[in-house]
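*Asks:* Build me a model from this:
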Amino acid sequence: MTERPVELLGLTRSKLAVALQPIIDRPFRVGQIYDAIHLKGVRSIAAITTLRKDLREQLNQGFVVGLPEVAALHTSSDGTRKFLFSLHDGATIEAVDIPDRGRHTLCVSSQAGCALACRFCVTGFWGAGRNLSAGEIVAQVYAIRFGTPPLEPSLNLVFMGMGEPLLNLENLREALEILSEEISLRRITVSTAGVVPGIEAMAGWERRPNLAVSLHAPDDERRDRIMPINKSYPIASLLQALERFPLEKGRRITFEYILIRDFNDSLADADALARLLKRIPSKINLIPANPDPVLGEMMVPPRESSIRAFQQRLMDRGYTATVRRRRGDDVSAACGQLRAPS
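*Replies:* Model (predicted):
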């Protein structure tokens, strides 16, 4: 079997220097190649015209830029764009571009599929897939950022697409090292379903993105029902890890809470949630459930009055509580709706 070329997109500056050492004649060439890919968004080695032609030909023999094919693009009535990317092995993933008042938020995937089987998530319904490489993670961002129209580098980036980022920790970390050269870590958020070992590993990183945690219920009994991972890492152990998580001044942990009618949306649930989080600098993002045929009849959003009452109760308890606006749901690009089966 022919060995697959090395993905340049997934190599940090230091790893790129090591990989190119046998064929690069002068050290500054590494910087030329890195900047062409990550600052200028070139899509092929042939397009790195600052290099001699013979050097480009030599690089082509063992390396590839590795941008994915856009297999489909769906644009919502609100301007949200959902991309279906086809990867080299036939796997498919989805990523979403969400415009908002001149700034864009990109929601990207970390795995092709997900093994966690959360009841509110279509990705989990389709089951496990493989981890994405660091290059495949970076490639989603660049395919959108350097696409048509090109986007400014002042993006927000959220790892809330397909997969559990903290089950792909090393590739995630290398992708973040690359992406954070242009996108501040303060504008990058990694969302987890509560993988405690991954949270503890991130706590030891020298530089960290924002952390968001999918909580979705104020007690283990209900969280078990909608998030099987809770049986491995119940709420108490999750909160203990989060209490130890280092936060720079002014930063907080975001807790995502899907509101499901007559399941977790009462004022008593809001009070229980407030008690749970009292020891953690927190902000709470309330997400009315997004109905989807494959998720069954349970995923019904509360009435608007119930949503606002739940939000106000948390605010009365001193929390910052926001309600996520539904974006892109007419093209199945909203929270929990990414699937990309292949």
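
*Asks:* pLDDT weak spots in the chain?
*Replies:* Applying pLDDT under 70 to the chain flags the ranges 1-2, 125, 293-296, 327-342.

*Asks:* Could I get the full set of strands for the stretch 1-150 of the chain?
*Replies:* For the stretch 1-150 of the chain, the strands defined by DSSP state E, counting those that start in this stretch occupy 6-7, 63-64, 69-75, 81-86, 92-100, 103-107.

*Asks:* for the stretch 201-342 of the chain, that is, sorry about that
*Replies:* Using DSSP E, counting those that start in this stretch, strands in the stretch 201-342 of the chain cover 210-214, 253-259, 282-288, 320-323.

*Asks:* Nearest to residue 221 among those would be which one?
*Replies:* strand 253-259 (16.2 Å; Cβ to Cβ). Every residue, glycine included, has its C-beta placed from N, CA and C.

*Asks:* any chance of the strands of the stretch 201-342 of the chain in JSON lines, with distance to residue 104 and mean neighbour count too?
*Replies:* Converted to JSON lines, the strands of the stretch 201-342 of the chain look like this (distance: least, Cβ to Cβ, whole Å; neighbours: other Cβ atoms under 10 Å):
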{"stretch": "strand 210-214", "distance to residue 104": "17", "mean neighbour count": "22"}
{"stretch": "strand 253-259", "distance to residue 104": "19", "mean neighbour count": "23"}
{"stretch": "strand 282-288", "distance to residue 104": "19", "mean neighbour count": "21"}
{"stretch": "strand 320-323", "distance to residue 104": "19", "mean neighbour count": "16"}
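
*Asks:* nearest to residue 146, of the ones you listed?
*Replies:* strand 210-214 (24.1 Å).

*Asks:* For that closest one, name the packing helices and strands.
*Replies:* Applying 3 or more Cβ pairs under 8 Å, 6 or more residues apart in numbering; DSSP states H and E, one finds that strand 210-214 makes contact with strand 188-192, helix 235-244, strand 253-259.

*Asks:* re the thing from before, reformat the strands of the stretch 201-342 of the chain into JSON lines and put distance to residue 244 next to each item.
*Replies:* Conversion of the strands of the stretch 201-342 of the chain to JSON lines gives the following (distance: least, Cβ to Cβ, whole Å):
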{"stretch": "strand 210-214", "distance to residue 244": "12"}
{"stretch": "strand 253-259", "distance to residue 244": "12"}
{"stretch": "strand 282-288", "distance to residue 244": "15"}
{"stretch": "strand 320-323", "distance to residue 244": "22"}
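
*Asks:* Would you mind telling me which of the ones you listed is nearest residue 177?
*Replies:* With Cβ to Cβ as the criterion, residue 177 lies closest to strand 210-214 of these, at 16.0 Å.

*Asks:* Need the contact partners of stretch 133-153.
*Replies:* Stretch 133-153 is contacted from outside by 7-11, 38, 41, 43, 66-68, 70, 81, 83, 85, 87, 93, 95, 97, 104, 106, 108-110, 155, 157, 161, 171-172, 174-175, 178-179, 182-183, using Cβ atoms under 8 Å, 6 or more residues apart in numbering.

*Asks:* One more: stretch 314-325?
*Replies:* In contact with stretch 314-325 (Cβ under 8 Å, 6+ apart) are residues 252, 270-271, 273-274, 277, 282-288, 307-308, 311, 335.

*Asks:* most centrally placed residue in this structure?
*Replies:* residue 159 (1.0 Å; Cα atoms, centre = their mean).

*Asks:* Ramachandran angles for that residue?
*Replies:* When read as degrees, to the nearest 10, the backbone of residue 159 gives phi -90, psi 80.

*Asks:* what's the spacing between residue 81 and residue 25?
*Replies:* 42 Å (Cβ to Cβ, to the nearest Å).

*Asks:* These two: who's more crowded?
*Replies:* More crowded of residue 81 and residue 25, by other Cβ atoms under 10 Å: residue 81, with 20 against 8.
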